[in-house]
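>>> This is the structure alone, sequence omitted:
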């Protein structure tokens, strides 16, 4: 009754929760899955896992009419879209004319559905496309592709996911007049140029006030099976992707089915996502439903599985080794596992005076920081340069 | 949480448990209720419990939620309880536990995995592309029918604009049965409820009508559960698709014909072998934001289509209470005239002013300030939204800004308060507590689940809107 003051009436216009966009990156590296399927204790086949993931996607779609999903496969030699099909409307720019109704974007093969299992249509579209594209991806994977590499293209997949999120966020903001489009494009710029190391230093000044009531809520879930060292050669693009997420306030959740991945731990830590290493991979669905399904809004109310002991090691720029003690260029902060040749930094070319390094009683290493990165001495390390949080 | 869907929610809540049992047999119903009726946290609970074999001990669920969010947790649990989705059980070692009740759990799982050969999500019909009715036509049909209904209520049909929407007798009877209109001397007069109705957003209106329909279904010999689950089925269909009719029961066919009169579904003729859901049906379980743009834009916007694209509002309000509405629809004009003093009328524009008098007049007719404000906010011109966005960037306080000028919003409410001095709330009084401690615990609990209206520590009394859970709480403490 006496509630006519400045606060009450703001709620009427903003009571509708904004939809959320969930981008799932599935690690489809055949090596890692083969290992997981053969493990004695907890075998989990890829098909079972995929079925679980599909149910999880449906559950996400069921949450809200306008919720969206996107699925990216991080394969052994490339990253590929599983849903929505990139090949469908126009591969490069399906931006303008995709229907805005969230689930309808690029309905493909809908003719042959009369006789099938009765199912809510958006669910079925997602399922059909994901399985079809995945099959296509597997068929296109030759023996050579598998032999050449045992790692997975996580950085590429992350970048694909990010650009999709960026595009959808802008499209949504335009359609609803809610979010501030200009600031989104501005902050969206750096992640399209993730190759530039500069992206991660210019991040201090952004103050996008999304994450509030309006705007599309996006998050990324990485379902990872590959081992840690595999992604070391993608250290730089991966970290750039992570910093872009941090800036856009897109949490990266990581569901680790086997092994432990250094950089993904850092990813979820930097973006305030959830990192879970499953002790019982066969219970994947329950893990997904319980820990990864709540969106950002619900997470405010829930106690989330967080990880305290994050592995903050970095990969060196010269040999892509994961190091915990290394050399850092004093100009560009590049990391090296051993002093570069001639003392010239490989990234910026500055000649670094190594001083008397290597002399047996190395008392002080001058003009060159020798640094330690330990699991607990975290925040002081400039090594992966966690951006001063926006 | 979401305030808008309260109407269907209230109705559903009043149904007995057996009705829920029957309703939840259908996967589409389970999905629709899950999606539309539950707050976020409740959805999380349901999903977390859905694939658990054993009931989850209550203590585990409680520590899952942060201690600051007790209120949200309790209200989520209470809604789940009221909708008979979550039930209290005990685990093997006699610990209090929660589980998802069975017909609901099974149906929702079926909806997610699509395991069974049911017709719960409609059966697509094969129609060649030439025969198929395109989406713009469906929208147009829905708009015409729905505006026809509203026009009939407000009385614009006399102006001869909405002639082509031929309202059937059933529609008129339904409106009368719902006390939205009254017929006096063969003249249709809108009631107070009717005024409130026409100012709501389209989603709420459709639900209102559907609930009325379900309520009256028994009277004409149909099973209300069957009708209700058919409505939920409709809500899960996809716009622009054709669906088979041959799997439907006779009651459902009858419902279909009636709903076609409202523009909720479209069929070429009552004998046609297939039907099309319109946007009114497919957005039933969406939030109003998802619906407002495509449909209420086309519904309420200028229907001649040359000014402004569909999906945009048309009302501008200035801080000096002047109102400009870019519309030529007689329905919208008569709606705006309910609470504004109109000044000028141009071919595509009317201007007016919101005054104390005009608001009081509206309130005397039974329209509330909230309805006026939400009507204005729903139909605000894109220019106002843009303005709102530019303000929101400068405003870092984190308050979601309103589309309308705050002065106007406040003033409308104040004008209403001038009349509202006493408010009655039906509910239950708890009194005669022996000790203060005995009084405090249930009182705090009632506050947490959001049913507490009034309390007096001195008299050890408190007043709640709903007593079942408080009573259960008291019992559990004994």
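Great, that's in hand. Since the model is a prediction, treat every value here as computed from it, not as a measurement.
>>> Can you tell me the closest non-neighbouring residue to residue B:107?
With Cβ to Cβ, 6 or more residues apart in numbering or on different chains as the criterion, residue B:107 has its nearest non-adjacent residue at 3.7 Å, and that residue is residue B:30. Any C-beta I mention is one placed from the backbone N, CA and C, and that applies to glycine too.
>>> and the residue in the stretch 101-250 of chain A that chain B sits nearest to, how many neighbours does it have?
When Cβ to the nearest Cβ is the measure, the stretch 101-250 of chain A has its nearest residue to chain B at residue A:119, with 3.3 Å between them. Residue A:119: 25 surrounding residues under other Cβ atoms under 10 Å in any protein chain shown.
>>> Residue B:207 now?
Residues near residue B:207, counting by other Cβ under 10 Å: 21.
>>> right, and the secondary structure at it would be what?
In terms of secondary structure, residue B:207 is helix; the call rests on DSSP: H, G, I helix; E, B strand; the rest coil.
>>> is it true that it touches residue B:285?
No. Counting by Cβ atoms under 8 Å, residue B:285 is not a contact partner of residue B:207; they are 10.1 Å apart.
>>> ok so, going back, show me what contacts the residue nearest to residue B:107?
With contacts defined as Cβ atoms under 8 Å, 6 or more residues apart in numbering or on different chains, the neighbours of residue B:30 are B:24, B:103-104, B:107-108, B:110-111.
>>> try 7 Å this time
Shown here is residue B:30, whose contacts under the criterion Cβ atoms under 7 Å, 6 or more residues apart in numbering or on different chains are B:24, B:104, B:107-108, B:111.
>>> element containing it?
Using DSSP states H and E, residue B:30 falls within helix B:27-37.
>>> got it, and residue A:150?
When the helices and strands are read off by DSSP H and E, none of them contains residue A:150.
>>> one step back: element containing the residue of the stretch 101-250 of chain A closest to chain B?
Counting by DSSP H and E, residue A:119 is found in no helix or strand.
>>> hang on, isn't it packed against residue B:114?
Yes. The criterion here is Cβ atoms under 7 Å, and residue A:119 meets it with residue B:114 at 3.3 Å.
>>> for the residue of the stretch 101-250 of chain A closest to chain B, what are its contacts?
Applying Cβ under 7 Å, 6+ apart, one finds that residue A:119 lies in contact with B:114, B:121.
>>> what does residue A:33 give?
For residue A:33, the contacting residues are A:46, A:225, taking Cβ under 7 Å, 6+ apart as the criterion.
>>> what about the closest residue to chain B within the stretch 201-350 of chain A, neighbour count?
Closest contact between the stretch 201-350 of chain A and chain B, by Cβ to the nearest Cβ, is at residue A:301 (3.7 Å). Residue A:301 sits with 20 neighbouring residues when counted by other Cβ under 10 Å.
>>> For my notes, confirm residue A:250 occurs in a helix.
No. Secondary structure of residue A:250, determined by three-state DSSP: coil, with no helix assignment.
>>> related to what we said a few turns ago, now do the residue of the stretch 101-250 of chain A closest to chain B, the pLDDT please.
In the predicted model, residue A:119 carries a pLDDT score of 73.
>>> And residue B:446, by the same measure?
In this model, residue B:446 is scored at 87, pLDDT.
>>> Residue B:455 is in contact with that one, correct?
No. Counting by Cβ under 7 Å, no contact exists between residue B:446 and residue B:455, whose distance comes to 8.2 Å.
>>> When the two are compared, which one has more neighbours?
Neighbour totals were compared for residue B:446 and residue B:455, and residue B:446 leads with 25 against 19 (other Cβ under 10 Å).
>>> hang on, residue A:23 in a strand?
Yes. For residue A:23, which was evaluated using three-state DSSP, the result is membership in a strand.
>>> Do I have it right that it meets residue A:165?
Yes. Counting by Cβ under 7 Å, a contact exists between residue A:23 and residue A:165, whose distance comes to 6.1 Å.
>>> Tell me the residues that contact both of the two, please.
The overlap between the contact sets of residue A:23 and residue A:165 (Cβ under 7 Å, 6+ apart) consists of residue A:218.
>>> Can you give me the neighbour number for the residue of the stretch 51-200 of chain B found nearest chain A?
The stretch 51-200 of chain B approaches chain A most closely through residue B:114 (3.3 Å), counting by Cβ to the nearest Cβ. Look at residue B:114: counted by other Cβ under 10 Å, it has 22 neighbours.
>>> And the helices in the stretch 151-300 of chain A?
A:154-176, A:181-192, A:235-248, A:262-270, A:284-287, A:296-299 (DSSP state H, counting those that start in this stretch).
>>> Confirm for me that residue B:65 is in contact with residue A:299.
No. Applying Cβ under 7 Å, one finds residue B:65 not in contact with residue A:299, separated by 11.0 Å.
>>> Please say which of those two ends up with more neighbours.
Between residue B:65 and residue A:299, residue B:65 has the larger neighbour count (other Cβ under 10 Å), namely 21 against 18.
>>> Contact partners for the more buried one?
By Cβ under 7 Å, 6+ apart, the residues touching residue B:65 are A:301-303, B:73.
>>> run the last query once more with 8 Å
Counting by Cβ under 8 Å, 6+ apart, residue B:65 makes contact with A:301-303, B:41, B:72-73.
>>> circling back to that earlier point, so for residue B:446 and residue B:455, which residues contact both of them?
Common neighbours of residue B:446 and residue B:455 (criterion: Cβ under 8 Å, 6+ apart): residue B:462.
>>> and residue A:349, how many neighbours?
The criterion is other Cβ under 10 Å. On that basis, residue A:349 has 10 neighbouring residues.
>>> Also residue A:304?
Around residue A:304 there are 16 other residues, counting by other Cβ under 10 Å.
>>> Bridged to residue B:57, which residues?
With DSSP bridges applied, the residues forming beta bridges to residue B:57 are residue B:97.
>>> from what I can see it touches residue B:93, true?
No. Counting by Cβ under 8 Å, residue B:57 sits too far from residue B:93 to count as a contact (9.3 Å).
>>> So for the two, which residue has more residues nearby?
residue B:57 (16 against 6).
>>> got the contact list for that one?
With contacts defined as Cβ under 8 Å, 6+ apart, residue B:57 is in contact with B:91, B:95-97.
>>> in chain B, which segments are predicted with low confidence?
Along chain B, the model assigns pLDDT under 70 to residues B:1-9, B:115-120, B:128-130, B:156-166, B:286-312, B:388-401.
>>> quick one: buried residues of stretch A:286-304?
A:286-299, A:301-302, A:304 (16 or more other Cβ atoms under 10 Å in any protein chain shown).
>>> Endpoint to endpoint, stretch B:446-457 covers what distance?
Between the opening and closing residues of stretch B:446-457 lies a distance of 14 Å (Cα to Cα, to the nearest Å).
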